[in-house]
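# Sequence unavailable; structure follows:
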């Protein structure tokens, strides 16, 4: 093993990863970053399908420094990642899932970005293979992305480049008590406590693979685990961001992505016992972290459901969910001198049930194929279009007039 520290340690936690592991490791070996600047730490988490044997075989022939650890199954990805992190020597670490693979220039581009920008986290563009992948955060490459105004808050998976010094200095590890959402907790902490986040969006760095056998779905288990995840992420945000607009922006992530799926139309099929338990689990989260500022950052159907939870009104929630399940589209209603827009979901206008403000359009909504904007946003969009049109007309009028030649058409 080389005595000098590599640029990046690729940490691979592997469980029952064959045959996907073959392409995964080949993609590390194919990196344009020289082999001497890469280290692999692979942890076989009790596989029985030949994963451990293949890791050892690959380590024996690759030019990349590689260490293989074989251990009993830990029951989740956190344990293997923590073992790998404890053995890593690189300036950066990257957590590569054994089912997935890199683009050839991924590590070279991400390391260069981290060095150039001085940031502690680098996001490389991710695309899905046989599965979906988030897209909204890959619109442009930026050396320093703002956590609050950008969409990086909606990509909290562990598949990113982290500066190891940050993780060591803060004593960061994956929470092995959490069985789902542990990567979101880890990544959000790095976003909040690190020295900036970069985005490499002009090259596909990471291919997120959907396995045909379904074994990539590691987030199975009781719905109780989702509430554990939401509670942990909300608590982390509250601990590091004081109350106000910035906290509200970040709280959208755990409320909408982690908590709300437990209160979708599937709730209609669940038992009264499960419904009651979910309401009980949600109540303290709403009491601790719900705010008017957060409410106005949500779509109407999201806000309505959460207000039902806050008020403990399962009956109203079920009415809204039935409306959604039936595929009904709410009418757009304009009210008041300011022309505010509302969506008439169930119990709209009844006063005592849910407040009128719960139905107000405050962020862009889609009703079928029609986009509906809050009046203020509509006005600004119209103003910007008009301003752009005036600029184009002014530019055309400023051009010198050139007589058209006879052959021009």
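It's in. Everything quoted here is computed from the prediction, not taken from an experiment. Numbers count the residues shown, from 1 in each chain.
# Show me where the stretch 301-409 of the chain dips below the pLDDT cut-off.
For the stretch 301-409 of the chain, residues meeting the criterion pLDDT under 70 lie at 377-409.
# ranges for the helices of it?
In the stretch 301-409 of the chain, helices defined by DSSP state H, counting those that start in this stretch lie at 314-325, 375-398, listed in chain order.
# Which other helices and strands does the shortest one contact?
Going back to what we said before, that points to helix 314-325. Using 3 or more Cβ pairs under 8 Å, 6 or more residues apart in numbering; DSSP states H and E as the contact criterion, the secondary-structure elements in contact with helix 314-325 are helix 272-289, helix 300-311. For the C-beta atoms, the positions are set from N, CA and C on the backbone; glycine is no exception.
# Any buried residues in the shortest one, and which?
Within helix 300-311, the residues that qualify as buried by neighbour count (16 or more other Cβ atoms under 10 Å) are 300-309.
# Show me what that helix is packed up against.
Counting by 3+ Cβ pairs under 8 Å, 6+ apart, helix 300-311 packs on helix 272-289, helix 292-295, helix 314-325, strand 340-343.
# Quick one: distance of the longest one to the chain centre.
Helix 272-289 sits 24 Å away from the centroid of its parent chain (Cα atoms, centre = their mean, to the nearest Å).
# longest strand in this protein, by residue count?
Selection of the longest strand in the chain by residue count, based on DSSP state E, yields strand 197-209.
# tell me the mean pLDDT over that strand?
pLDDT averaged over strand 197-209 equals 98, rounded to a whole number.
# following it, which helix or strand shows up next?
On the C-terminal side of strand 197-209, the nearest following helix or strand under DSSP states H and E is helix 224-240.
# orientation of that following helix relative to helix 272-289 in degrees?
Angle, helix 224-240 to helix 272-289, by axes from the mean of the first three to the mean of the last three Cα atoms, to 10 degrees: 0 degrees.
# can you list contacts of helix 224-240?
Surrounding helix 224-240, the residues in contact under the criterion Cβ atoms under 8 Å, 6 or more residues apart in numbering are 175, 178-182, 184-185, 188-189, 192-193, 219, 247, 250-251, 253-255, 258-259, 261-262, 278, 281-282, 285, 288-289.
# thinking again about what came up before, widest-spaced pair of the buried residues of helix 300-311?
Comparing all pairs in the buried residues of helix 300-311 by Cβ to Cβ, the longest separation belongs to 300 and 309, at 15.1 Å.
# what's the closest non-adjacent residue to residue 190?
Nearest in space to residue 190, with sequence neighbours left out and distances taken as Cβ to Cβ, 6 or more residues apart in numbering, is residue 121 at 5.2 Å.
# That neighbour - how many residues pack around it?
22 (other Cβ atoms under 10 Å).
# just residue 45 next, same as before
Burial of residue 45 is recorded as 25 neighbouring residues (other Cβ under 10 Å).
# dump the residue contacts of it.
Shown in contact with residue 45 (Cβ under 8 Å, 6+ apart): 13-15, 71, 73-74, 79-80.
# Roughly how far does the residue lying closest to it once chain neighbours are set aside sit from residue 131?
Computed as Cβ to Cβ, 6+ apart, the closest residue to residue 45 that is not its neighbour in sequence is residue 15, at 4.3 Å. In this structure, residue 15 and residue 131 are 18 Å apart, going by Cβ to Cβ, to the nearest Å.
# cool, and residue 5?
Distance of residue 5 to residue 131, given as Cβ to Cβ: 35 Å.
# for the residue positioned nearest the centre of the chain, what are its contacts?
Here the mean C-alpha position of the chain is nearest to the C-alpha of residue 155 (Cα atoms, centre = their mean), at a distance of 2.2 Å. The contact partners of residue 155, taken as Cβ under 8 Å, 6+ apart, are 123, 126, 134, 137, 187.
# Give the residue spans of the stretch 151-300 of the chain that score low on pLDDT.
Counting by pLDDT under 70, the ranges of the stretch 151-300 of the chain that qualify are 214-221.
# let's see 50
Low-confidence segments of the stretch 151-300 of the chain, defined by pLDDT under 50, span residues 217-219.
# how near is residue 195 to residue 154?
Between residue 195 and residue 154 the computed distance is 21 Å (Cβ to Cβ).
# same check, this time on residue 263
Look at residue 263 and residue 154: by Cβ to Cβ, they are 19 Å apart.
# Likewise for residue 146?
With the distance defined as Cβ to Cβ, residue 146 ends up 14 Å from residue 154.
# re the thing from before, most neighbours among the contacts of residue 155, please name it.
When neighbours are counted as other Cβ under 10 Å, the busiest of those turns out to be residue 123, with 28 neighbours.
# which strands and helices sit next to the helix or strand hosting residue 67?
Using DSSP H and E, the element containing residue 67 is strand 65-71. Packed against strand 65-71 by the contact rule (3+ Cβ pairs under 8 Å, 6+ apart) you find strand 38-45, helix 51-61, helix 78-87.
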